[in-house]
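Colleague: this one's sequence-less:
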């Protein structure tokens, strides 16, 4: 019987690391197009890229947001959003006030964030990230659930320190007025 082999350090996706991760640590990681790496209070949130269905829904939402976007705003996908020095997240899509930015975009210029749930991110998207976005002052949070036969979408607006629902999709169509009028068909 052969003895188990030891993996060389280069076989690890992430390098060995002692202590909490920092923004600089995360930004110095090699590019990896197979997953997302987010930073929350010194811990990494690592998730695989979404399935074909997930990406399809992200594309539909992004295309609708982009087509209706007023000149003073811009729709984007998979933008590094800096919530605070220890919190870097990558929403599936965003609406921002355009500005010059480097590797990460400041949350102060983010108007809307959105997430399409997937099995590996559902709990984070519904709980942790929703809370982080609210604490950071993001005015609108759009959540898309692909699990029903016809996807369901909910738009939340920040009121005080909590989000409240202001729009819900009906029969695969979400019509919203804020932050600007747009119809999204699933």
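Modeller: Happy to help now that I have it. Computed from a predicted model, the values in this text were never measured in an experiment. Residues are numbered from 1 along each chain as shown.

Colleague: hmm, who's touching the host helix or strand of residue 39?
Modeller: Using DSSP states H and E, residue 39 sits in strand 35-40. With contacts defined as CB atoms under 8 Å, 6 or more residues apart in numbering, strand 35-40 is touched by 13, 21-23, 26, 29, 44-49, 78, 86-90, 128, 132. Placement of C-beta: from N, CA and C, glycine included.

Colleague: and it, which strands flank it?
Modeller: Paired strands of strand 35-40, with direction, are strand 43-48 (antiparallel), strand 87-89 (antiparallel) (DSSP bridges).

Colleague: buried ones in it?
Modeller: 36-40 (16 or more other CB atoms under 10 Å).

Colleague: ok, now stretch 43-54?
Modeller: Those buried within stretch 43-54 under the rule 16+ other CB under 10 Å are 44-45, 47, 50, 54.

Colleague: where does this structure have low pLDDT?
Modeller: Across the chain, the ranges flagged by pLDDT under 70 are 1-13.

Colleague: what about 90?
Modeller: Within the chain, the stretches with pLDDT under 90 are 1-19, 24, 27-37, 43-51, 84-86, 99-104, 119-121, 123-124, 147-149.

Colleague: in this protein, which helix is the longest?
Modeller: Counting by DSSP state H, the longest helix found in the chain is helix 52-68.

Colleague: and the next helix or strand after that one, which strands flank it?
Modeller: For helix 52-68, the succeeding helix or strand toward the C-terminus, using DSSP H and E, is strand 74-77. Sheet pairing of strand 74-77 (DSSP bridges) gives strand 93-96 (antiparallel).

Colleague: name the surrounding residues that touch the partner strand.
Modeller: 58, 61-62, 65, 69, 73-79, 81, 105, 109-114, 140, 142, 179.

Colleague: go on, stretch 66-73?
Modeller: Contacts for stretch 66-73 (CB under 8 Å, 6+ apart): 75, 95-98, 111, 179-183.

Colleague: tell me which of those residues fall in helices.
Modeller: Per DSSP H, the contacts of stretch 66-73 never map to helices.
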